[in-house]
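Engineer: take this sequence and fold it.
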Amino acid sequence: MPSQVFRVVLIKPSHYDDDGYVIQWWRSLVPSNSLASVHGLLSDCQTEQVLGPDVTIDIESFDECNTVIKVNKIIKSIRAAGAGFVGLVGVQSNQFPRALDLARQFRSAGVTVVAGGFHVSGCLAMLSELPADIKEAMDLGVILYAGEGEGRIDEILRDLHAGKAKPIYNYLSAMPDMAQATLPILPRETVTRVAGHYTSFDAGRGCPFQCSFCTIINVQGRKSRYRTPDDVEEIVRQNAKQGITRFFVTDDNFARNKNWEAIVDRLIELREHHGFKIRLLLQVDTLCHRIPGFIEKCARAGCTAVFIGLENINPESLMGTKKRQNKIWEYREMLQAWRRQKVMTYAGYILGFPTDTPESIARDIEIIKQELPVDILEFFFLTPLPGSEDHKRLLTTGVPMDPDMNKYDLEHACTGHARMSKAEWEGVYRDAWLRYYTDEHVETIMRRAIVSSINRTKMLDSLVAFSGSALIEGVHPLQFGFVRRKLRTQRRSGLPIVNPLIFYPWRIVDALAVFGAWAKRVTRYRRMMKQVKNDPATMSYTDLALTPPVQGAEDHFVQHYADKLPHTHGAPVKHTEPVREAVAAE
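Structural biologist: You can find the predicted model right below:
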């Protein structure tokens, strides 16, 4: 029998709100694939007895977005085991300040800490000199891990067990083959803390595109790597054994996965012949409708929703950030293709491209509402994330950027803009949510959903959450969850811990105000959905966005940007000035 225990506690840190409290929920919305991947890697190490047959690797995993991190309890458990470490996994730039605060507490107690994720990897990949926050982590004695873990995690585990760990483990120069990647499986008790009991896996890594605001291409590479269909089927089967059948496939672009068809065929087999109740949320590009059978097969495999990186509808903005793959003249056709399969569409939209102004953004959102059948639109600041080409360019040219990494969450202005002041840019962000989610347009989205046979309950829930999270909770929907926690003692270092006699009365008033705002929104939207459902005209509803494009006919949507269309293969021919003026006058 093993005589030693090596205790490993994995933590996916959250980050702080504008008042300095950890953003945390009773149930969070988005699962952490980094946590699942590292947990799976360490479970494999335990199975393979990489520390020897007399050592048990005891692993526990926490996502701070839905779990209170009890630092003292973790310290006691590692001390009781006699050996072990805390792993801060998947740490993004906005989460690094919180990760540092946790690291300080563990390091002051003498507990070994390892930190990895996109912030560490992105900085090591793109910067010639490490930034101050990473230097501070190293000064604390935090061990840095850059790159992916397949085929490498056993090395650092042995070094940690032997007390001979290096300050930095940098594996960015060689990406592992995904065919040998471990299975990212989390225990059921961790998964059930996510709303809907969604877990995640990556069917591939890397991206061939060159978007200048993206960190993935510089951390995971521009060469795409893929899991085998056998491995994806095994991931689904192992999760199904513990009652988990809902998956967020975290590939930045599943449509570019060369194994996509073999993978979805396996999932179709599991659903249609073995009774697996699989549901998938996929991320895809705007050209996926060109792949024969892709959308239809994804729907059969259990895809009920997709996230699409529209990013913008102005070709000039897209070209400026090297997102040349987005063809705005195909947006409507692509969105309608998903709608025909009863799949709900979420789309990301970036605010703050160099040519953007408050007026142009307002105009573009109104065009989207009228002419594109997208369901849920979510807004982001154009943010120079460490690890991106944008960040490196601004840093090397001396352009000021906000030094507080906590703000690099895509919902704060972190650098200047050529045409908008910071106040204008922030106002545009808030106005975008208000402008898209007007009651009139929410009703339109509901009518489009019903006439397209998209799940009404899912649509209602999404409209409530995405319209309200930024405006009520003050957080982006991707950071949202159900029932916000604000712990008095878990506040950002440097900010005072508020007296209980002041904190708790304030917290009660704050919580009641938030609850009241949510109750009003839910009640209003439910009433709207009931009215729309009961309206006989709804089943025959149509509008410009639902009208199929006619081959060879003038596209009203495209002609808004006729003078900005690139000279690329397949781009529509620009009409003459009198035609464009007639369109504008209309």
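
Engineer: where does the most centrally placed residue in the chain fall, phi/psi-wise?
Structural biologist: The central residue of the chain, meaning the one whose C-alpha is nearest the mean C-alpha position (Cα atoms, centre = their mean), is residue 478 at 6.1 Å. Backbone torsions of residue 478, given as degrees, to the nearest 10, read phi -70, psi -10.

Engineer: need the contact list for it.
Structural biologist: Residues counted as contacts of residue 478 (Cβ atoms under 8 Å, 6 or more residues apart in numbering) are 29, 30, 378. In short, each C-beta sits where N, CA and C put it, glycine included.

Engineer: between those residues, which is closest to residue 74?
Structural biologist: The shortest separation between residue 74 and any of those is 23.6 Å, and it belongs to residue 30 (by Cβ to Cβ).

Engineer: give the helix, strand or coil label for the closest one.
Structural biologist: coil (DSSP: H, G, I helix; E, B strand; the rest coil).

Engineer: skipping adjacent residues, who's closest to it in space?
Structural biologist: Take residue 30 and drop its neighbours on the chain: the residue closest to it by Cβ to Cβ, 6 or more residues apart in numbering is residue 478, 5.8 Å away.

Engineer: how many residues are close by residue 404?
Structural biologist: Neighbours of residue 404 under the rule other Cβ atoms under 10 Å: 13.

Engineer: what sits against it?
Structural biologist: Shown in contact with residue 404 (Cβ under 8 Å, 6+ apart): residue 97.

Engineer: same thing but at 10 Å, please
Structural biologist: Neighbour list for residue 404: 16, 94, 97, 133, 412, 414 [criterion: Cβ atoms under 10 Å, 6 or more residues apart in numbering].

Engineer: what's the burial count for the first one?
Structural biologist: Look at residue 16: counted by other Cβ under 10 Å, it has 23 neighbours.

Engineer: now do the contacts for the nearest residue to it once chain neighbours are set aside.
Structural biologist: Sequence neighbours aside, residue 492 is the residue nearest to residue 16 in space, at 4.7 Å (criterion: Cβ to Cβ, 6+ apart). With contacts defined as Cβ under 10 Å, 6+ apart, the neighbours of residue 492 are 15, 16, 17, 19, 20, 21, 22, 97, 98, 100, 101, 406.

Engineer: again, only using 8 Å
Structural biologist: Taking Cβ under 8 Å, 6+ apart, one finds 16, 20, 21, 97, 98, 101, 406 in contact with residue 492.

Engineer: need the contact list for the closest residue in space to the third one that isn't next to it in sequence.
Structural biologist: Nearest-residue entry for residue 21: residue 486, 4.6 Å, with adjacent residues in sequence omitted and distances by Cβ to Cβ, 6+ apart. Residues counted as contacts of residue 486 (Cβ under 8 Å, 6+ apart) are 21, 22, 24, 507, 510.

Engineer: ok, of those, which come out buried?
Structural biologist: Buried members of the contacts of residue 486, counted by 16 or more other Cβ atoms under 10 Å: 21, 22, 24, 507.

Engineer: low-confidence ranges, the stretch 401-550 of the chain, go.
Structural biologist: 550 (pLDDT under 70).

Engineer: could you rerun that using 80?
Structural biologist: Judged by pLDDT under 80, the stretch 401-550 of the chain has its weakly predicted residues at 549-550.

Engineer: show me where it has its strands.
Structural biologist: Along the stretch 401-550 of the chain, the segments classed as strands by DSSP state E, counting those that start in this stretch run 481-485.

Engineer: again with the stretch 251-400 of the chain
Structural biologist: Defined through DSSP E, counting those that start in this stretch, the strands belonging to the stretch 251-400 of the chain, from first to last, are 279-284, 303-311, 344-351, 376-381.

Engineer: lowest average pLDDT across the ones you listed?
Structural biologist: Averaged per stretch, pLDDT over the strands of the stretch 251-400 of the chain is lowest on strand 303-311, reaching a mean of 91.

Engineer: what does it contact?
Structural biologist: Outside strand 303-311, the residues within contact range by Cβ under 8 Å, 6+ apart are 211, 279-286, 298, 317-318, 321, 323, 326, 331, 334-335, 338, 341-350, 374, 455, 458.
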